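[1] using only what follows, build the 3D model:
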Amino acid sequence: MTLPAPAPVLTPDRAHLPPKIVSVGAAVPPDSYSQQEILDMYGITDRRIRSVFHNSAIERRFLSLPPELPEGTRATETQGELLRKHKLTGIDMGKRAILSCLKDSDYELDDVGYLCCITTTGFLTPGFSALLIKELGLSVTTSRLDVVGMGCNAGLNGLNAVAGWASAHPGQLALIVCVEACSAAYVMDGTMRSAVVNSLFGDGAAAAALITDEAGLEPGPTVLKFASCIIPEAVDAMRYDWDDQQGKFSFFLDPEVPYVVGAHAEEVIGRLLDGTGLRRSDIAHWVVHSGGKKVIDSVMVNLGLTRHALRHTTGVLRDYGNLSSGSFLFSYGRLLEEGVTQHGEYGVLMTMGPGSTIESALLRF
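    Residues are numbered from 1 along each chain as shown. The predicted structure is shown next:
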């Protein structure tokens with residue numbers, strides 16, 4: 001019997017050691033709702049819209065909804081109120097996600113040298129990086145970066161920047177935190193366009209800590225490589241528009257998004273593995289963005305993956321909805337909790353979003 005050849009071991013240049021992900025943490029608002037509870041709460045009777053909610057593969061989502069009025073309905077929020085929600089909810093979730101992340105590591109707030117904050121659900125100046133440095137009492141010398149408006153793929157864009165900083169500053173801790181108050185980007189206008197968005201997204205924040213470990217003693221997977229693919233012909237497939245009638249920003253998702261993403265998934269993974277000696281069959285763990293049922297199915301089919309391979313992707317979608325840029329870290333956290341990763345195995349992180357864009361990263365556990 002001929003045994004399959006073992007996966008190659010990638011050996012990085014000692015002068016450019018890649019960082020490790022040493023811990024992750026997450027936070028959500030206090031209140032969660034089933035899809036049926038949301039439909040009842042807003043008195044939605046349109047059968048088409050109800051079908052979108054019920055066929056989303058989502059059971060519950062954590063949301064920061066407006067207060068209930070005396071007659072039992074929910075208040076309609078202005079754009080200003082939505083932006084304030086984005087700020088207040090985001091600071092709270094971001095702070096708790098960072099503290100949760102550090103709690104499971106050997107590091108403290110005083111060790112943080114770099115903070116990268118990702119968000120798409122509102123606009124702030126100063127951004128979350130400055131606000132969280134103040135809120136957490138981080139050093140005033142902390143380097144920082146805010147990534148705003150890149151959408152669901154942005155978690156890996158930010159991780160790329162954090163990994164680069166950590167690699168250039170061995171021994172110094174770098175943090176990424178994805179802060180998405182998606183309920184601060186909802187428009188309740190009864191249209192199918194808005195209903196698709198309102199049925200899908202949930203609120204949450206997720207953080208990860210990275211460090212370049214010259215001694216090789218830190219736990220956690222090494223971040224080896226990134227690869228991107230932008231699809232210019234689909235630039236309008238996911239976007240924010242200003243709705244003059246509602247006086248709010250309104251998010252749009254083209255129905256063709258799952259098929260566009262799926263059709264390009266093989267290309268970006270091919271680029272990620274190019275030059276590594278690895279094949280797709282050498283990847284033991286897949287962490288894919290919980291973009292929605294059709295998106296997940298499209299990626300699964302085009303990459304030839306099993307449902308088991310994407311169990312954490314679908315599990316996060318079921319329990320939280322689409323958490324935008326932080327979804328992949330929620331799934332990655334579940335993979336770690338499962339305790340099945342083995343030393344030397346390879347994993348792929350994959351996100352997709354506006355642009356249209358697919359981002360990917362290669363890990364070695």
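
[2] what's the neighbour count on Ala227?
    21 (other CB atoms under 10 Å). C-beta coordinates here come from the backbone N, C-alpha and C atoms, glycine included.

[3] what's the one helix or strand it maps to packed up against?
    Assigned by DSSP states H and E, Ala227 belongs to strand 222-230. Counting contacts by 3 or more CB pairs under 8 Å, 6 or more residues apart in numbering; DSSP states H and E, strand 222-230 is packed against strand 20-27, helix 154-168, helix 257-273, strand 357-364.

[4] as CSV, those with mean neighbour count, distance to Gly339 and mean pLDDT would be great.
    Formatted as CSV, the helices and strands packed on strand 222-230 follow (neighbours: other CB atoms under 10 Å; distance: least, CB to CB, whole Å; pLDDT from 0 to 100):
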stretch, mean neighbour count, distance to Gly339, mean pLDDT
strand 20-27, 24, 14, 98
helix 154-168, 23, 23, 98
helix 257-273, 20, 26, 95
strand 357-364, 25, 16, 98
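
[5] what's the closest of the ones you listed to Gly321?
    strand 20-27 (13.7 Å; CB to CB).

[6] dump the C-alpha coordinates for that closest one into CSV.
    Extracted C-alpha coordinates of strand 20-27, given in CSV (Å, rounded to 0.1, in the frame of the first residue of the first chain):
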residue,chain,number,x,y,z
LYS,A,20,1.5,33.8,16.0
ILE,A,21,-2.1,34.2,17.0
VAL,A,22,-1.9,33.7,20.8
SER,A,23,-5.4,34.3,21.9
VAL,A,24,-8.9,35.4,20.8
GLY,A,25,-12.0,36.8,22.5
ALA,A,26,-15.5,37.9,21.7
ALA,A,27,-18.4,39.9,23.0
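
[7] who does the next helix or strand after that strand pair up with?
    Using DSSP H and E, the helix or strand that follows strand 20-27 in sequence is strand 32-34. Counting by DSSP bridges, the strands paired with strand 32-34 are strand 60-62 (antiparallel).

[8] which helix or strand lies directly C-terminal to the strand it pairs with?
    helix 79-103.

[9] next one: that next one to chain centre, how far?
    15 Å (CA atoms, centre = their mean, to the nearest Å).

[10] also stretch 288-300?
    What separates the centre of stretch 288-300 from the centre of its chain is 13 Å, taken as CA atoms, centre = their mean.

[11] quick one: average pLDDT of that stretch?
    Averaged over stretch 288-300, pLDDT sits at 97.

[12] now tell me what touches that stretch from outside.
    55-57, 152-153, 155, 200, 257-259, 261-262, 265, 305-307, 309-310, 313-314, 316-317, 320-323, 327-328, 330-331, 349-353 (CB atoms under 8 Å, 6 or more residues apart in numbering).

[13] which of those residues fall in strands?
    Leu349, Met350, Thr351, Met352, Gly353 (DSSP state E).

[14] quick check: the fourth one touching Ala154?
    It stands for Met352. No - look at Met352 against Ala154 with CB atoms under 8 Å: they stay out of range, at 10.6 Å.

[15] tell me how far Ile358 lies from Asp111.
    Here the criterion is CB to CB, to the nearest Å. By it, Ile358 lies 33 Å from Asp111.

[16] before we move on, the earlier item: most neighbours out of the ones in strands among the contacts of stretch 288-300, which is it?
    Of those, with other CB under 10 Å as the count, Met352 tops at 31 neighbours.

[17] for that one, which residues make a bridge with it?
    Ile358.

[18] residue closest to the middle of this protein?
    Gly326 (2.4 Å; CA atoms, centre = their mean).

[19] who touches stretch 91-111?
    22-29, 117, 128, 131-132, 135-139, 172-173, 175, 177, 179, 181, 203-209, 211.

[20] switch to 6 Å and redo it
    Here stretch 91-111 makes contact (CB atoms under 6 Å, 6 or more residues apart in numbering) with 22-27, 128, 131-132, 135-136, 138, 173, 177, 179, 205-207, 209.

[21] got the CA coordinates for that stretch in CSV?
    Provided in CSV are the C-alpha atoms of stretch 91-111 (Å, rounded to 0.1, in the frame of the first residue of the first chain):
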residue,chain,number,x,y,z
ILE,A,91,-17.0,50.8,22.6
ASP,A,92,-18.7,48.4,25.0
MET,A,93,-18.4,45.3,22.8
GLY,A,94,-14.8,46.2,21.7
LYS,A,95,-13.7,46.7,25.3
ARG,A,96,-15.1,43.4,26.4
ALA,A,97,-13.8,41.5,23.4
ILE,A,98,-10.2,42.8,24.1
LEU,A,99,-10.4,42.0,27.8
SER,A,100,-11.7,38.5,27.0
CYS,A,101,-8.9,38.0,24.5
LEU,A,102,-6.2,39.0,27.0
LYS,A,103,-7.8,37.0,29.8
ASP,A,104,-7.0,33.8,27.9
SER,A,105,-3.4,34.9,27.3
ASP,A,106,-0.2,35.6,29.3
TYR,A,107,-0.5,39.3,28.5
GLU,A,108,-2.0,42.4,30.0
LEU,A,109,-3.2,45.7,28.7
ASP,A,110,0.2,47.3,29.4
ASP,A,111,1.8,44.9,26.9
